[in-house]
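Enquirer: sequence plus the predicted model coming up.
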Amino acid sequence: MRSWADLDEFQEFLDAGGMVEADDDMPDEYRQEVFRFIEFHANSELMGGLTERDWIPHAPGLRLKQIFLAKTQDEIGHAHLLYMVAADMGVKTRDEMMNDLLAGKTRFHNVFHYRAETWADQIAIAFLVDAAAFASQRAVFAKCTYGPYKRILRRIVGEEGFHMRHGEEMLLKMASGSQVQHDLFQAALERWWWPAVQLFGPDSPSDDPLLRWYVKSERNEVLRHAYVQKYVPLLHGYGFTVPDEGLHQDPHSGEWMMSEIDWAPLKATFSNAGPDSERRLANAVRNHAESAWFRESIGVSA
Amino acid sequence: MTMTNAEASLAAVYQALGQVMDPEYGTLSIDDLGIVADVTLDGGRVEVTLLPTMAGCPAREVIESDVRGALENAGVAEVSIAWRLDGSWTPSRLSEVAVQQLGREFCIAIRENGILPACPVCTSASLREVSPVGPTRCRSVAWCDGCRNVVEVVG
């Protein structure tokens, strides 16, 4: 077990490339921030997995059902690993995290506060949202000074990368399909573009402790900008229109510049007041109650 | 040293298969993972038999299309791929490279003969199984009481 005299000494350790392990006597500020970050990630995987599960019966064809089944298992499995690492940090137990999530006291990713209305929404989620989540998780994995989190991120990032291939494949089918399929995806794109872009969060504050402690490796706005550079040309290439009238290419750099982002929808999701938050949480509460018999049978509570 | 044509092309096929990476763990080839069960040559035709780690593996289709692509790139005129679904994959099919890398890079340990292995992170004998499946059906989830890391276990 290592310990540090103060935050400055701890910072020197991190600046030199140090990695924090579970039994280190880490500063409480670091423990709390890293815990909150992992709890948010775990909640998001769980809420995402429950959404994908809802679409298994609606997925067109056995093959897509199998893919959604496997993706659901991935997401719920990721939540399981993340809750284990988070609970070990000694801030909250797994039961407390689950109760707080179900009571709407903690947060999960903005994209799970919207309703997926058609199968095309599910494709937009797989293509746009999974890619945004992947980029954001990969940027955490790149440094991530908390060892136990970094080790599971290695596998999570690999598995999310595999999901993206399915998203691309499903999108290709829509893009090369009938006019009806094209229109369905265009409508879904209009619902999901802004939530996907906002998944990266507002611009990072200049003194973001998660950046200072190398939990995150890159600022939110840098990741968001890189995502836009990649996805705008891809969507245009498939013949879709990005729902942003102010979107333009900078005449000098050629970079894609977006309109100013309205952050009100993102902020609403922070307090679980998004368009579909209530139904999603009720769904999670019901799921938790319905699966209680199974947890009891294997002797665990959450 | 001289090689017959058949030997030369068999080597070329294995070389091409060695470039096909697992879709989730992009640094390990399907050959290292023991997924390639058999290769037969018949003139310009190559028949590959693949053996998934689990019959219901959701990555089968992607692996199959990657194998086809790699062999076509290597100049094989006709590729035929079959899956053997008899459940005969065991961790003993993993190459030494795969075992090392799964442990070191991915914190995935290999269980043989039903005995939990040493923790790949701290090497202590402190693993405890937490759940029989995790994010994938081919791995269980364990917790190391020694270094307090989550480890996944194959086999």
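Expert: Good, I have the coordinates.

Enquirer: what's the domain layout of chain B?
Expert: Per automatic domain parsing, the domain ranges recorded for chain B read B:5-83, B:91-154.

Enquirer: and the shortest one, end to end?
Expert: Across domain B:91-154, the straight-line distance between its terminal residues is 7 Å, by CA to CA, to the nearest Å.

Enquirer: with stretch A:50-65 instead?
Expert: With CA to CA applied, stretch A:50-65 spans 14 Å between its terminal residues.

Enquirer: ok, back up a step: check the domains of chain B for me: which has the lowest mean pLDDT.
Expert: Here the lowest mean pLDDT among the domains of chain B goes to domain B:5-83, at a mean of 89.

Enquirer: including mean neighbour count, could the domains of chain B go into JSON lines?
Expert: For glycine as for every other residue, the C-beta is placed from the backbone atoms N, C-alpha and C. Converted to JSON lines, the domains of chain B look like this (neighbours: other CB atoms under 10 Å in any protein chain shown):
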{"stretch": "domain B:5-83", "mean neighbour count": "17"}
{"stretch": "domain B:91-154", "mean neighbour count": "18"}
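
Enquirer: mind putting those domains in a markdown table, distance to chain A included?
Expert: Formatted as a markdown table, the domains of chain B follow (distance: least, CB to the nearest CB, whole Å):
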| stretch | distance to chain A |
| --- | --- |
| domain B:5-83 | 3 |
| domain B:91-154 | 3 |
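
Enquirer: of those domains, which approaches A:Glu159 most closely?
Expert: Closest to A:Glu159 of these, according to CB to CB: domain B:5-83, at 5.3 Å.

Enquirer: thinking again about what came up before, got a markdown table for the domains of chain B, with distance to A:Leu266 too?
Expert: Below are the domains of chain B laid out as a markdown table (distance: least, CB to CB, whole Å):
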| stretch | distance to A:Leu266 |
| --- | --- |
| domain B:5-83 | 30 |
| domain B:91-154 | 28 |
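
Enquirer: and those domains: which comes nearest A:Lys230?
Expert: Of all these, domain B:5-83 sits nearest to A:Lys230, with 18.6 Å by CB to CB.

Enquirer: show me how far the closest one is from its chain's centre.
Expert: Relative to its chain's centre, domain B:5-83 lies at 11 Å (CA atoms, centre = their mean, to the nearest Å).

Enquirer: dump the residue contacts of the residue positioned nearest the centre of chain B.
Expert: A centroid search over chain B (CA atoms, centre = their mean) returns B:Leu33, at 2.0 Å, as the residue closest to the centre. B:Leu33 sits next to B:22, B:53, B:93-95, B:98 when contact means CB atoms under 8 Å, 6 or more residues apart in numbering or on different chains.

Enquirer: and if you look at A:Met1?
Expert: Residues near A:Met1 by CB under 8 Å, 6+ apart: A:23-25.

Enquirer: over to B:Ala55?
Expert: By CB under 8 Å, 6+ apart, B:Ala55 lies in contact with B:85, B:87.

Enquirer: spell out the secondary structure type for it.
Expert: coil (DSSP: H, G, I helix; E, B strand; the rest coil).

Enquirer: ok so, going back, helices - which of the contacts of B:Leu33 land there?
Expert: In helices, defined here by DSSP state H, the members of these are B:Ala98.

Enquirer: can you report phi and psi for the residue nearest to the centre of chain B?
Expert: Backbone geometry at B:Leu33, expressed as degrees, to the nearest 10, gives phi -80, psi 0.

Enquirer: ditto for A:Val300
Expert: Dihedral pair for A:Val300: phi -120, psi 160, per degrees, to the nearest 10.

Enquirer: ok, back up a step: I'd like to know how far the residue nearest to the centre of chain B sits from B:Leu17.
Expert: Between B:Leu33 and B:Leu17 the distance is 11 Å, computed by CB to CB, to the nearest Å.

Enquirer: give the contact list for A:Ala120.
Expert: If you count contacts by CB under 8 Å, 6+ apart, A:Ala120 has them with A:174, A:181, A:184-185, A:187-188.

Enquirer: repeat that for A:Leu69.
Expert: A:56, B:58.

Enquirer: got a list of what B:Ala82 touches?
Expert: By CB under 8 Å, 6+ apart, B:Ala82 lies in contact with B:47-50.

Enquirer: any chance of these in JSON lines, plus secondary structure?
Expert: Compiled in JSON lines, those are given as follows (three-state DSSP):
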{"residue": "B:Glu47", "secondary structure": "strand"}
{"residue": "B:Val48", "secondary structure": "strand"}
{"residue": "B:Thr49", "secondary structure": "strand"}
{"residue": "B:Leu50", "secondary structure": "strand"}
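
Enquirer: my guess is A:Glu39 contacts A:Ala86, does it?
Expert: Yes - counting by CB atoms under 8 Å, A:Ala86 is a contact partner of A:Glu39 at 5.1 Å.
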